[in-house]
Every structure is written in C-alpha cells, then in structure tokens.
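**Q** test case, fold it:
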Amino acid sequence: DTLREAEAAGHTTAALAAAGAVLALAPQRLAALQREQVRLADERDRLDAAALALDDERGDLDDRDAHVGDLRAAANATATRSERARAASDRL
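**A** Residues are numbered from 1 along each chain as shown. Okay, the predicted model is just below:
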C-alpha cells in the first residue's frame, strides 16, 4: 500500500507540476488572445468599410443603369419620330 501511495503521490506531483506550467503560461496566452481579438475587430471594421464602399458603388451603378435606360428610351422615341417624319415625307 505504501508503494501505491508513493506512486500516486508521484503522479500527483507530476500532474501538479504540469498544471503549474500551464497556469504560468496563462497570462501570456490571455495576452495573445486579446491581441488576436483586437486584430479581428480591426479586420471586421475594414471589411465593414469595404462593404459600405461596395454598396455605394452599387448605388452609383444602379443610377448609371437607370440613366442608360432613359437614354435608350429617348433614342427609341427619337427614332420613332424620325421614322414617322420620313414616312410622312415619303407620302408627300
């Protein structure tokens, strides 16, 4: 029994030593995680800004597309009037 207790005590000591080593590194790990959190927040902010810029660009493209549609409609109306005028001229 004494041998088993000694072995158990040895394992416990090793486990406590390992736990102590992990705990000793905990502040460094926490600091690293906090730096990563800040980096990720900065990256999120950058991506949010890029998304807003893309939304603005999409709005500009939609406006240009609408303007092109208006120009096409005006060109078609002019072509129709021109064809009617030509047809009227041919009848004279």
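**Q** so where is this protein shaky, pLDDT-wise?
**A** 1-7, 15 (pLDDT under 70).
**Q** middle-most residue in it, spatially?
**A** Residue closest to the mean C-alpha point of the chain, counted by CA atoms, centre = their mean, is residue 47 at 4.6 Å.
**Q** which stretch of helix or strand covers that residue?
**A** Element membership for residue 47 (DSSP states H and E) is helix 2-91.
**Q** any chance you could list what contacts stretch 77-92?
**A** Taking contacts as CB atoms under 8 Å, 6 or more residues apart in numbering, no residue outside stretch 77-92 touches it. C-beta here means a position set from N, CA and C on the backbone, and glycine is covered the same way.
**Q** can you give me the buried ones in that stretch?
**A** Judged by neighbour count (16 or more other CB atoms under 10 Å), stretch 77-92 contains no buried residues.
**Q** so how far is that stretch from its chain's centroid?
**A** Stretch 77-92 has its C-alpha centroid displaced from the chain centroid by 55 Å (CA atoms, centre = their mean, to the nearest Å).
**Q** likewise stretch 19-29?
**A** Worked out by CA atoms, centre = their mean, stretch 19-29 lies 34 Å from the chain centre.
**Q** quick one: buried residues of that stretch?
**A** For stretch 19-29, the neighbour count (16+ other CB under 10 Å) marks no residue as buried.
**Q** now it - C-alpha only, PDB.
**A** Coordinates of each C-alpha in stretch 19-29 appear next as PDB, following Å, rounded to 0.1, in the frame of the first residue of the first chain:
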ATOM      1  CA  ALA A  19      -0.800  22.200 -14.200                       C
ATOM      2  CA  GLY A  20       1.500  24.800 -12.700                       C
ATOM      3  CA  ALA A  21       3.300  25.100 -16.100                       C
ATOM      4  CA  VAL A  22       0.000  25.600 -17.900                       C
ATOM      5  CA  LEU A  23      -1.000  28.200 -15.300                       C
ATOM      6  CA  ALA A  24       2.300  30.000 -15.600                       C
ATOM      7  CA  LEU A  25       1.700  30.400 -19.400                       C
ATOM      8  CA  ALA A  26      -2.000  31.500 -18.900                       C
ATOM      9  CA  PRO A  27      -1.200  35.300 -18.700                       C
ATOM     10  CA  GLN A  28       0.800  35.100 -21.900                       C
ATOM     11  CA  ARG A  29      -1.900  33.100 -23.700                       C
END
